[in-house]
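Trainee: heads up, no residue letters with this:
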């Protein structure tokens with residue numbers, strides 16, 4: 001007799017339809033491209049105890065605005081993520097700290113120290129790379 005674990009519903013990426021599968025696939029491929037960076041972060045955690053996910057003020061302690069931001073985070077020191085937090089939210093304000101930031105969705109570079117409004121359709125999470133870093137993710 002074979003034993004199966006059953007969660008009560010389908011929960012594989014293909015279980016949610018073609019549209020969702022395309023979005024999931026896009027981000028799974030991005031995660032695979034990030035593997036070397038994530039490995040580097042895990043080594044940093046092990047050796048220094050630095051967190052993988054960081055508040056903006058952790059990376060930018062002298063930036064007063066960074067201390068006020070509670071709905072964005074850094075993945076290590078090179079990636080800023082501004083998640084969409086509400087149903088039907090299709091635009092969002094994003095504060096970018098000092099430096100230049102490349103939007104992974106359109107490839108454009110934005111000057112830091114400013115707030116911008118970005119489109120946030122269902123298939124597009126606002127994610128930014130410190131300019132000059134991780135070009136393999138583009």
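Mentor: Right, received. Where do you want to start? All figures in this text were calculated on a predicted structure; none of them were measured in a lab. Residues are numbered from 1 along each chain as shown.

Trainee: point out where this protein drops to low pLDDT.
Mentor: Along the chain, segments meeting pLDDT under 70 span 1-9, 136-138.

Trainee: what segments of it are helices?
Mentor: 18-33, 35-48, 56-59 (DSSP state H).

Trainee: was I right about residue 108 contacting residue 102?
Mentor: Yes. With contacts defined as Cβ atoms under 8 Å, residue 108 counts as touching residue 102 at a distance of 7.2 Å. For every residue, glycine as well, the C-beta is placed using N, CA and C.

Trainee: show me what contacts the residue nearest the centre of the chain?
Mentor: Closest to where the C-alpha atoms of the chain average out (Cα atoms, centre = their mean) is residue 81, at 3.6 Å. By Cβ atoms under 8 Å, 6 or more residues apart in numbering, the contact set of residue 81 is 72, 73, 74, 75, 125, 126, 127, 128.

Trainee: how about 6 Å then?
Mentor: Residues near residue 81 by Cβ atoms under 6 Å, 6 or more residues apart in numbering: 73, 75, 127.

Trainee: bridged to it, which residues?
Mentor: Per DSSP bridges, the residues bridged to residue 81 are residue 73, residue 127.

Trainee: distance of it from residue 68?
Mentor: Applying Cβ to Cβ, to the nearest Å, the value for residue 81 to residue 68 is 17 Å.

Trainee: same check on residue 106?
Mentor: Taking Cβ to Cβ, one finds residue 106 at 26 Å from residue 68.

Trainee: mind listing what's buried in stretch 103-117?
Mentor: Residues 103, 104, 105, 110, 112, 116 are the ones in stretch 103-117 that count as buried (16 or more other Cβ atoms under 10 Å).

Trainee: for stretch 20-36, that is, sorry about that
Mentor: Buried, per 16+ other Cβ under 10 Å, within stretch 20-36: 23, 34.

Trainee: how about stretch 129-138?
Mentor: Residues 129, 130, 133, 134 are the ones in stretch 129-138 that count as buried (16+ other Cβ under 10 Å).
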